[in-house]
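> Here is my input; please provide its structure:
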Amino acid sequence: METDNRLQSFPSGGVAVVLGAGGIGAELVRQIGTSGRFDSIIVASRSPDSDAVEALVEGSGGVVDAVAVDVLREASIAELAAGLAAARARIRMVICAFGILHQPDGPSPERRLEDLSSDSLARLFAVNAVGPALVARHLAPLLPRRDRSVFAALSARVGSIGDNRLGGWYAYRASKAALNQLLRCTAIELRRRAPGAVVAALHPGTVDTSLSKPFQSGVAEDQLFSTDHAARRLLSVIDSLRPDDSGGFFAWDGSRIPW
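Next up is the predicted model:
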């Protein structure tokens, strides 16, 4: 059953930060904006002047602001955090909605050991795992100590070690597994520093975006989600999470995924 995306569990006001303005990221920004629960939404991407991001800003009625951030450069993330701190922004939600499946202009996800390369492994770990970890390093300290807040990152079911029955896709699987562990560690630390915070790894399902486009032929029609559907369900899951759920790995339908 579809659930309403009102994010009612968040106190009104404050700031939401979404890093990544691809298909899912952009739709998350749009739906968070229409929820009316936040005073401001920051969309951070490498191309804040792209047509897609400009459309988000122009259509938000002044709620959405775009900034340039390169998650491969820690100084860029630190600059974002410093700007938010200087503005005394009340950060209530941070979502890392970026990631890559394989190197741009490189080989497709590896099917065999012979397909592995150090460059591909390093690149995917840098984007999919190190990037969100550095976002947590710089933005998690800005979360409120007591009030409810969320730090979430888009993971993938294929990052589950317990659910891996097919193998392959070495770099993508391993980088998402590393992301999950980094989020788990973050959750444990924030239980002491910000007991009201919820940290979660989220699997959006197979979404009709450029990332999944080459691999959609084997996906059942009812399992290929629009960005609208994916964002709505992810925000519904976020809204349902409580501090006891922090450090968990959840699918788009709210079910827990094994590590």
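
> and the residue lying closest to residue 89 once chain neighbours are set aside, how many neighbours does it have?
Excluding the flanking residues, the one nearest residue 89 by Cβ to Cβ, 6 or more residues apart in numbering is residue 15, at 4.6 Å. Every C-beta, even on glycine, is put in place using the N, C-alpha and C of the backbone. Using other Cβ atoms under 10 Å, residue 15 has 19 other residues around it.

> right, and residue 30 touches residue 55 too?
No. Contact criterion Cβ atoms under 8 Å: residue 30 and residue 55 do not qualify, at 9.3 Å.

> Comparing those two, which residue is more hemmed in?
When residue 30 and residue 55 are compared on other Cβ under 10 Å, the one with more neighbours turns out to be residue 30, at 21 against 13.

> Quick check: the gap between the more buried one and residue 58.
Distance from residue 30 to residue 58, counting by Cβ to Cβ, to the nearest Å: 12 Å.

> Now do residue 12: how many residues are near it, please.
By other Cβ under 10 Å, the residues close to residue 12 number 11.

> For it, give its distance to residue 194.
Relative to residue 194, and taking Cβ to Cβ, residue 12 is found at 19 Å.

> Same check on residue 157?
Taking Cβ to Cβ as the measure, residue 157 falls 28 Å from residue 194.

> Look at these two and report which has more neighbours.
The neighbour comparison of residue 157 against residue 194 (other Cβ under 10 Å) goes to residue 194, with 23 against 18.

> how close does that one get to residue 206?
33 Å.

> which ones are touching residue 29?
18, 21, 41, 43, 56, 64 (Cβ atoms under 8 Å, 6 or more residues apart in numbering).

> give me the element it is part of.
Following DSSP states H and E, the helix or strand that holds residue 29 is helix 23-35.
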